[in-house]
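Engineer: Fold the following.
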Amino acid sequence: MPEALLRGQTAIVTGGSSGIGAAVCLGLAAAGAAVAVNYRSDRDAAEALVARIAAAGGRAAALPADVSREEDVAALFRHTEARLGPPDIVVANAGLQRDAAIGEMTLAQWRTVLDSNLTGQWLCAREAVRAFRRRGPRPDLSRALGKILCMSSVHEVIPWAGHVNYAASKGGVAMMMRSLAQELAAERIRVNAIAPGAIRTPINRSAWETAEAEAKLLTLIPYGRVGEPEDIAKAAVWLASDESDYVTGITLTVDGGMTLYPGFQDNG
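Structural biologist: Numbering: from 1, shown residues only. Model prediction:
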């Protein structure tokens, strides 16, 4: 990734200590951004990622926050500004699953997922807008006043039985992102989303770690391979850079064709 794309800018990546979030942190750092690696509980993983970025000549800081807590999100932005400077890019990536069939799903499982995956992204977006406005434009670094990336999922459009809380949260992210993009475009704050398909991360290890499991998963992916976290990182760098300056309010689906209804490849 060309280092100059994001040179001099500061990024916050929530849920940045592992999986897709970690890859996004590495990708933004490689493109020249200073990166706040947010974590909720795995401080060691976040610190190891910061060390890796520093060893490659970048700047980063590991910062704790539970994105479902308003005071934590505010503190994350304050500490980022103190350590790395005011943010130019915010990647609202933190999310989780609490799966259950609807008859067994508890209200706590529903609320936990919505609080993290949807309310957490809203809290981060609101704080990002406030931070961008305080800082003001920096045309020498970016044509936009600020960039917000929401991490969605193919399940913003694909129903997912047994995961109604997760699918509902991602459907909400899609409309939240578009509404924010509409509201903020006149200020040149760009808001977009990335919708990953099946990505090789720890959260879905059981779906790809054996040959049998991977073969079954590939029946849902016309392109014929499982996605890698770096596929999402490359999309994030592009959406955070001036290369995509005329792009706002879109969901960039990175899924190898999973949303192309592969069951209809042979006429259905």
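
Engineer: Now do the lowest-mean-pLDDT helix or strand in the chain: distance to the chain's middle.
Structural biologist: None of the helices or strands of the chain scores lower by mean pLDDT, DSSP states H and E than helix 211-218, at a mean of 91. Helix 211-218 sits 26 Å away from the centroid of its parent chain (CA atoms, centre = their mean, to the nearest Å).

Engineer: contacting residues around that helix?
Structural biologist: 198, 206-208, 224-226 (CB atoms under 8 Å, 6 or more residues apart in numbering). C-betas here are computed from N, CA, C, even on glycine.

Engineer: redo that, cut-off 6 Å
Structural biologist: 198, 207-208 (CB atoms under 6 Å, 6 or more residues apart in numbering).

Engineer: again with stretch 82-93
Structural biologist: Outside stretch 82-93, the residues that touch it by CB under 6 Å, 6+ apart are 9-15, 21, 24, 34, 36, 61, 80, 121, 124, 128, 131, 135, 142, 147-151, 240.

Engineer: Show me these that map onto strands.
Structural biologist: 10-13, 34, 36, 61, 147-151 (DSSP state E).

Engineer: Give the PyMOL command for selecting the buried subset of those.
Structural biologist: The buried residues among the ones in strands among the contacts of stretch 82-93 can be selected in PyMOL (16 or more other CB atoms under 10 Å) with this line:
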select buried, resi 10+11+12+13+34+36+61+147+148+149+150+151
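
Engineer: Just the closest of the contacts of helix 211-218 to His163, please.
Structural biologist: Nearest to His163, judged by CB to CB, of the contacts of helix 211-218 is Ala207 at 12.9 Å.

Engineer: Which residues are in contact with that closest one?
Structural biologist: 213, 217.

Engineer: Quick check, pLDDT for it.
Structural biologist: Ala207 carries a pLDDT value of 76.

Engineer: for it, phi and psi?
Structural biologist: Phi and psi for Ala207, reported as degrees, to the nearest 10, are phi -80, psi -10.

Engineer: Could you measure from it over to Ala34?
Structural biologist: Per CB to CB, to the nearest Å, Ala207 is found 34 Å from Ala34.

Engineer: cool, and His163?
Structural biologist: 35 Å.

Engineer: for Asp99, same thing?
Structural biologist: Asp99 sits 36 Å away from Ala34, going by CB to CB.

Engineer: what about the helices in the stretch 1-150 of the chain?
Structural biologist: According to DSSP state H, counting those that start in this stretch, the stretch 1-150 of the chain carries its helices in the segments 19-30, 43-55, 70-84, 107-114, 120-135.

Engineer: pLDDT below threshold where in the stretch 1-150 of the chain?
Structural biologist: In the predicted model, the stretch 1-150 of the chain carries pLDDT under 70 at residues 1-3.
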